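S.K.: okay, sequence plus prediction incoming.
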There are 4 protein chains.
Amino acid sequence: MDRIRANFDKQVFMRTLGAELISWDKGFARIACDIAEPHLQQHGYAHAGVLASIADSACGYAALSTMPDVAEVMSVEFKITLMRPCTAKRIVADGRVLKTGRTLVFTEGAVTDSGGSETYATMTATMFCLMPGK
Amino acid sequence: MDRIRANFDKQVFMRTLGAELISWDKGFARIACDIAEPHLQQHGYAHAGVLASIADSACGYAALSTMPDVAEVMSVEFKITLMRPCTAKRIVADGRVLKTGRTLVFTEGAVTDSGGSETYATMTATMFCLMPGK
Amino acid sequence: MDRIRANFDKQVFMRTLGAELISWDKGFARIACDIAEPHLQQHGYAHAGVLASIADSACGYAALSTMPDVAEVMSVEFKITLMRPCTAKRIVADGRVLKTGRTLVFTEGAVTDSGGSETYATMTATMFCLMPGK
Amino acid sequence: MDRIRANFDKQVFMRTLGAELISWDKGFARIACDIAEPHLQQHGYAHAGVLASIADSACGYAALSTMPDVAEVMSVEFKITLMRPCTAKRIVADGRVLKTGRTLVFTEGAVTDSGGSETYATMTATMFCLMPGK
């Protein structure tokens, strides 16, 4: 599972956001991010794109953890629902695999505050398993 | 329509990404962004979250341009489909209103290269019209 | 909660499909349907539209159960993911409310076999609370 | 392209709805349906599931028309947005391919009245190209 960490460390955009890979397991990944001025939209909430970026990555790593070692993961599509304005100082995105297949992996994600008491967004995402030479 | 520009300038996250509001009109908005190292995911493509962030903002401003002057816009949900890896040096996100209502505005968006010849992603987004005192 | 039953009985399309409202509670609804020849697509599986119709209704009734008595419910949008071909003789769709608001109610649904051991589809749906005179 | 017609004729659920395959071409398909009592929801509008079923099939046939002759098409996921209540006596669903690949085909659909002047719903759908022996 070290490849999840190694892969995350190559995602420069996660560094740009200040996001950290907190934990992962087969079919699961958690990413957290401290929210500060650079993440905000016009009303002072975390931008929907910040939540989407982190949740998409959490779903992607959850998916990758169920794929063969040589596989790469690509997002096919995701839908995010923004249930309430995100006022948290730190957000946590959990990604979970619902079903893994040879080509597609179906995942869901949620973005909460660091205590897990408020859910700001939910996601469903389809991930593609890219095998070398294909 | 100056409020579109004024509103965009308050979205700190757009500055973080280096995104620019290029043009807007009633029911339309265009945002562009030069892609560089900080936007990349692990394969060297622009991260899905970058495309989603910019397309969501373009859809949001397209929606806002059809709302009463005192209204604020909030994203309810969006779905993005990532049709091909984004290798462009500069991307353009267009947002368009499909139907505007008193409470909800339905929009669609597309992310292309700066010439508009390759489409990297399409989006459909539901926007909420928030009136003061509600 | 009798209005859930009364409302369901007015949904002629549910009768066309042979769907039954099995149970409901605040924030939850379950609809079941025996699958037969009229529901099939070209490979002999239940058509995606059958699963979507029943899941959408389950989400709608889950939402309605959290709204004021005089309110009506309308679907704003839903996304359905078809995780595996549906070969069940009887399907069950559960709808659950994730967050209820004054105007929008966010829900999720799942379509399983009657024993709940196989999940054929998952849904997220946004429902609108329509108040009289609005 | 006769396989599109032959395939449609095997979709028993389309007959259950009374839907007709009107026309198709490479990357496009149109399905129409007269709306009557059996299609209605509780307010007397066509049920969201009817629109979804027909739009999903139109997207599926649009996708199939771009696949190898021996391929089968399966819906992976779709999102439908219900822009206004559907009061039409006859609805038309158009499906169009946005990008076709070896494994996945990305499509969009719209449901209008028979004159095409009112749009009731828009869809984006991902279709899977299933090759024999896979």
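M.R.: Sure, I can see it. Numbering: from 1, shown residues only, chains lettered A, B, ... in the order given.

S.K.: every contact and neighbour count from this point should use C-alpha atoms.
M.R.: Fine.

S.K.: what is the burial count for residue A:40?
M.R.: Counted by other C-alpha atoms under 10 Å in any protein chain shown, the residues lying close to residue A:40 total 24.

S.K.: also residue A:102?
M.R.: For residue A:102, using other C-alpha under 10 Å, the count is 12.

S.K.: give me the buried positions along the lowest-mean-pLDDT helix or strand in chain A.
M.R.: None of the helices or strands of chain A scores lower by mean pLDDT, DSSP states H and E than helix A:2-9, at a mean of 94. Neighbour counts over helix A:2-9 (16 or more other C-alpha atoms under 10 Å in any protein chain shown) mark A:4, A:8, A:9 as buried.

S.K.: likewise for stretch A:28-40?
M.R.: So for stretch A:28-40, counting by 16+ other C-alpha under 10 Å, buried means A:28, A:29, A:30, A:31, A:32, A:33, A:35, A:36, A:38, A:39, A:40.

S.K.: quick one: contacts for the fifth one?
M.R.: Spelled out, it's residue A:32. Counting by C-alpha atoms under 8 Å, 6 or more residues apart in numbering or on different chains, residue A:32 touches A:19, A:20, A:21, A:22, A:54, A:90, A:91, A:92, A:93, A:114.

S.K.: near chain B, list only the ones from those residues.
M.R.: Near chain B, taking C-alpha under 8 Å from any C-alpha of the partner chain as the test, the members of those found are residue A:54.

S.K.: mind listing which of the contacts of residue A:32 are in strands?
M.R.: Members of these lying in strands (criterion: DSSP state E): A:19, A:20, A:21, A:22, A:90, A:91, A:92, A:93.

S.K.: out of those, which end up buried?
M.R.: The buried subset of these (16+ other C-alpha under 10 Å) comprises A:19, A:20, A:21, A:90, A:91, A:92, A:93.

S.K.: can you redo those residues as CSV with distance to chain C and pLDDT?
M.R.: Below are those laid out as CSV (distance: C-alpha to the nearest C-alpha, whole Å; pLDDT from 0 to 100):
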residue, distance to chain C, pLDDT
A:19, 26, 98
A:20, 27, 98
A:21, 26, 98
A:90, 21, 98
A:91, 19, 98
A:92, 18, 98
A:93, 17, 98
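
S.K.: other SSEs contacting the least confident helix or strand of chain A?
M.R.: strand A:19-25 (3 or more C-alpha pairs under 8 Å, 6 or more residues apart in numbering or on different chains; DSSP states H and E).

S.K.: partners of the strand it packs on, with directions?
M.R.: strand A:28-34 (antiparallel) (DSSP bridges).

S.K.: pull the distance from the strand it pairs with to the chain's centre.
M.R.: For strand A:28-34, the separation from the chain centroid amounts to 7 Å (computed by C-alpha atoms, centre = their mean, to the nearest Å).

S.K.: equivalent analysis for stretch A:74-81, please.
M.R.: That offset, for stretch A:74-81, works out to 10 Å (C-alpha atoms, centre = their mean).

S.K.: next one: stretch A:85-100
M.R.: On C-alpha atoms, centre = their mean, the centre of stretch A:85-100 falls 7 Å from that of its chain.

S.K.: so what's residue A:66 up against?
M.R.: A:26, A:27, A:100.

S.K.: phi, psi of it?
M.R.: phi -110, psi 0 (degrees, to the nearest 10).

S.K.: distance of residue A:53 from chain C?
M.R.: 19 Å (C-alpha to the nearest C-alpha, to the nearest Å).

S.K.: setting aside sequence neighbours, what's the nearest residue to that residue?
M.R.: residue B:49 (3.9 Å; C-alpha to C-alpha, 6 or more residues apart in numbering or on different chains).

S.K.: for chain C, what are the nearby residues on chain A?
M.R.: Contacts of chain A with chain C, taken as C-alpha under 8 Å from any C-alpha, map to A:79, A:83, A:99, A:106.

S.K.: try it again at 10 Å.
M.R.: Within reach of chain C by C-alpha under 10 Å from any C-alpha of the partner chain, chain A has these residues: A:78-84, A:98-101, A:104-108, A:119, A:122-126.

S.K.: and those, which of them are buried?
M.R.: A:78-84, A:98-100, A:104-108, A:119, A:122-126.

S.K.: where do the strands sit along chain A?
M.R.: According to DSSP E, the strands that chain A contains are A:19-25, A:28-34, A:72-82, A:90-100, A:104-113, A:119-130.

S.K.: of these, which is nearest residue B:74?
M.R.: strand A:72-82 (9.0 Å; C-alpha to C-alpha).

S.K.: tell me the angle the closest one makes with strand D:72-82.
M.R.: 20 degrees (axes from the mean of the first three to the mean of the last three C-alpha atoms, to 10 degrees).

S.K.: ok, strand A:72-82: who's next to it in the sheet?
M.R.: strand A:119-130 (antiparallel), strand B:72-82 (antiparallel).

S.K.: so which residue is dead centre in chain A?
M.R.: residue A:58 (2.3 Å; C-alpha atoms, centre = their mean).

S.K.: run through the bridge partners of the nearest residue to that residue once chain neighbours are set aside.
M.R.: Leaving aside its sequence neighbours, residue A:58 sits nearest to residue A:95 (C-alpha to C-alpha, 6+ apart; 4.6 Å). Note on residue A:95: beta-bridge partners by DSSP bridges are residue A:29, residue A:109.

S.K.: dump stretch A:67-77 to PDB, restricted to CA.
M.R.: C-alpha atoms of stretch A:67-77 as PDB (Å, rounded to 0.1, in the frame of the first residue of the first chain):
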ATOM      1  CA  MET A  67      -6.600  -2.300  -8.300                       C
ATOM      2  CA  PRO A  68      -3.600  -4.500  -9.400                       C
ATOM      3  CA  ASP A  69      -0.200  -3.000  -8.400                       C
ATOM      4  CA  VAL A  70       0.700  -2.000 -11.900                       C
ATOM      5  CA  ALA A  71      -2.600  -0.200 -12.600                       C
ATOM      6  CA  GLU A  72      -3.100   3.600 -12.700                       C
ATOM      7  CA  VAL A  73      -6.300   5.300 -11.700                       C
ATOM      8  CA  MET A  74      -8.200   8.000 -13.700                       C
ATOM      9  CA  SER A  75     -11.500   9.800 -12.800                       C
ATOM     10  CA  VAL A  76     -14.200   9.100 -15.300                       C
ATOM     11  CA  GLU A  77     -16.900  11.300 -13.700                       C
END
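
S.K.: hang on, residue A:48 packs against residue B:75?
M.R.: Yes: with contacts counted by C-alpha atoms under 10 Å, residue A:48 reaches residue B:75, the gap being 7.3 Å.
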